[in-house]
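Asks: Structure, please.
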Amino acid sequence: MTKEPRHPKAQDTVGRRRRSAPWLLGGGIALLAAIVVGVYVYRAAADLPGQRFPDQGNRHVQTFSEAIPPYNSDPPTSGPHMPYIAPWGIHTEPIPRQLQVHNLEDGGVMVQYHCPQGCPDLVAKLTAIVSSYDRQVILAPYPGMKTRIVLTAWTRLDAFDEVDESRIRRFIRAYRGIDHHPG
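Replies: Residues are numbered from 1 along each chain as shown. The predicted model follows:
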């Protein structure tokens with residue numbers, strides 16, 4: 001003999017609670033996971049080296065004399081550029097801005113220096129660092145900078161005056177190899 005529930009509505013409410021409990025628990029876990037991931041992503045982005053600049057796009061230009069809007073950073077960190085790249089490695093002559101931007105788009109990092117009176121010791125230290133990378137890093141002079149050293153990657157720039165190997169390697173490690181071609 002089966003007992004009839006004393007209060008059918010009470011049994012129906014208990015059944016609904018039992019059926020919704022896993023969904024509520026799962027939803028709570030998902031919300032907690034989203035918050036944890038959000039905090040982690042925010043902290044990781046906040047901990048990236050260099051100053052961030054707005055992305056100025058990836059438009060190709062065909063000549064160095066073609067009119068382009070001004071870059072939002074100097075040296076540039078994104079924007080119109082030539083359809084080919086400068087060779088990776090050590091350069092003794094400045095690289096045109098429209099050319100270096102394509103290197104950045106291809107996941108490169110520029111290490112540039114400015115020493116109006118010459119600075120062979122600084123260049124030797126930077127050469128030793130950059131030479132340890134087989135690709136996607138360039139060392140070149142860049143006349144007219146306000147600081148002696150500037151590191152650039154796509155939408156990122158870090159400027160300082162004295163060689164800090166760990167700072168330079170951290171910047172390279174953070175941005176080298178990240179392709180920025182659309183699609």
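
Asks: rest of the way, CA atoms for contacts and neighbours
Replies: Noted.

Asks: which residues in the protein form helices?
Replies: Counting by DSSP state H, the chain has helices at residues 8-46, 97-105, 120-130, 165-175.

Asks: Show me where the chain dips below the pLDDT cut-off.
Replies: By pLDDT under 70, the weakly predicted segments of the chain are 1-46.

Asks: Show me the domain layout of it.
Replies: Under the assignment automatic domain parsing, the domains of the chain span 1-47, 53-175.

Asks: Dump these into a markdown table; add distance to residue 183 and mean neighbour count as well.
Replies: Formatted as a markdown table, the domains of the chain follow (distance: least, C-alpha to C-alpha, whole Å; neighbours: other C-alpha atoms under 10 Å):
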| stretch | distance to residue 183 | mean neighbour count |
| --- | --- | --- |
| domain 1-47 | 22 | 11 |
| domain 53-175 | 11 | 18 |
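
Asks: Kindly reformat those as JSON lines containing distance to residue 181.
Replies: Formatted as JSON lines, the domains of the chain follow (distance: least, C-alpha to C-alpha, whole Å):
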{"stretch": "domain 1-47", "distance to residue 181": "20"}
{"stretch": "domain 53-175", "distance to residue 181": "6"}
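
Asks: who wins for proximity to residue 182 among those domains?
Replies: Ranking the domains of the chain by proximity to residue 182 (C-alpha to C-alpha) places domain 53-175 first, at 7.7 Å.

Asks: mind listing what residue 181 touches?
Replies: Residue 181 sits next to 58, 105, 106 when contact means C-alpha atoms under 8 Å, 6 or more residues apart in numbering.
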